[in-house]
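Visitor: Got a predicted structure here, sequence first:
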Amino acid sequence: MSNPANEIDVGKIKLVWRGTYAGATAYEVDDLVLYDDSQTVSSYICVQDSTGNAPSSSGTVNTTYWNLVAKGSSAAAAGSVDNVVQLKSGTGFAADGLFIFNTSTNRLGINSDTPTATVDVLGVTTTTRLTVGDEFNATGISTISDTFNVSEVLQTVSVVAGAANATSNLDIKTASAFLFTSNSGDTWTHNIRGDGSTTLDSMMSVGQIMTVKVVSAQNDATHYSANITIDGAAQTELWVNSSAPTGGKASGYDTYTWTILKTGSATFTTFATQS
């Protein structure tokens, strides 16, 4: 009488690739899977038979059932729009639709998804030293505390197809010079601000100065800029020759220049000229 053959379970003699992880699939020791945990797409090996236990969560491996084999690249949901610039965020990467490199024009837009210059910054720019040899386009206020060296400066002008008296707010985050192409219809007061959600006060530091220009088409000498407000607050302008205007041109254009110096919190000294 012969002895029955001994049976020895040696398990799997090689790793088994199971493809992309699925929660309803039963996995055995030494199964390999690919899994996207919202931070990275990586490969994992099963170390304990399991069903419904994901390999990892937000970059943390579920070591009870899985071990990490190879860590993959970012799978962050942010930055799905073409040409956005990826940046390090925790254990993965993120991006924003307003940080874009335009591959067709080789232009970088910061807070602008349609850059119009080699570097196009929409908003506030702060730097201690900046040297520009070609194009640097910043729409809004740029703060330089040390050296600003450029070969050419181009100021953004907002061309308004309307009359100066028909526009209440001058949003300097859009432009710092405004051309109104229709003849003024009355005397006006403009309010100077950052934009609808940003005050000029929040954009400027004490001791900083900026200039705002308004050019108005004219056909009536009784129409002119009476004064300005800043962030909705009335200002006492210091006019050149100490004389505030009492009228405008009967034809052509009037130009107003407002030089605004911040002297304290929500406090400004404004120098004004009319030509």
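Guide: Now that the structure is in, tell me what you want to look at.
Visitor: mean confidence score for stretch 186-204?
Guide: Mean pLDDT, stretch 186-204: 93.
Visitor: First-to-last residue distance for that stretch?
Guide: 31 Å (CA to CA, to the nearest Å).
Visitor: Ok, stretch 179-190 next?
Guide: Using CA to CA, the two ends of stretch 179-190 sit 13 Å apart.
Visitor: Can you mark which positions in it are buried?
Guide: 179-180, 183-184, 187-188, 190 (16 or more other CB atoms under 10 Å). Where you see a C-beta, it was placed from the backbone N, CA and C, and this is true even at glycine.
Visitor: Kindly report the same for stretch 42-52.
Guide: 42-47, 50.
Visitor: In strands only, show me those residues.
Guide: 42-46, 50 (DSSP state E).
Visitor: Can you tell me which of those is closest to Thr273?
Guide: Ser42 (64.8 Å; CB to CB).
Visitor: Tell me where the stretch 51-200 of the chain has helices.
Guide: For the stretch 51-200 of the chain, helices defined by DSSP state H, counting those that start in this stretch occupy the ranges 200-203.
Visitor: Okay, strands next: where are they in the stretch 151-275 of the chain?
Guide: In the stretch 151-275 of the chain, the strands defined using DSSP state E, counting those that start in this stretch lie at 157-160, 169-171, 177-180, 188-193, 209-218, 225-230, 233-234, 237-239, 252-264, 267-274.
Visitor: I'd like these as JSON lines, with distance to Ala95 appended.
Guide: Listed next are the strands of the stretch 151-275 of the chain as JSON lines, based on distance: least, CB to CB, whole Å:
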{"stretch": "strand 157-160", "distance to Ala95": "30"}
{"stretch": "strand 169-171", "distance to Ala95": "27"}
{"stretch": "strand 177-180", "distance to Ala95": "33"}
{"stretch": "strand 188-193", "distance to Ala95": "30"}
{"stretch": "strand 209-218", "distance to Ala95": "32"}
{"stretch": "strand 225-230", "distance to Ala95": "36"}
{"stretch": "strand 233-234", "distance to Ala95": "39"}
{"stretch": "strand 237-239", "distance to Ala95": "45"}
{"stretch": "strand 252-264", "distance to Ala95": "35"}
{"stretch": "strand 267-274", "distance to Ala95": "38"}
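Visitor: pretty sure Ala217 contacts Ser184?
Guide: Yes - if you go by CB atoms under 8 Å, Ala217 and Ser184 touch, sitting 7.0 Å apart.
Visitor: could I get the ones in strands among the buried residues of stretch 42-52 as TSV with pLDDT and distance to Ile100?
Guide: Shown next, in TSV, are these (pLDDT from 0 to 100; distance: CB to CB, whole Å):
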residue	pLDDT	distance to Ile100
Ser42	91	28
Ser43	94	32
Tyr44	96	34
Ile45	94	39
Cys46	95	41
Ser50	91	42
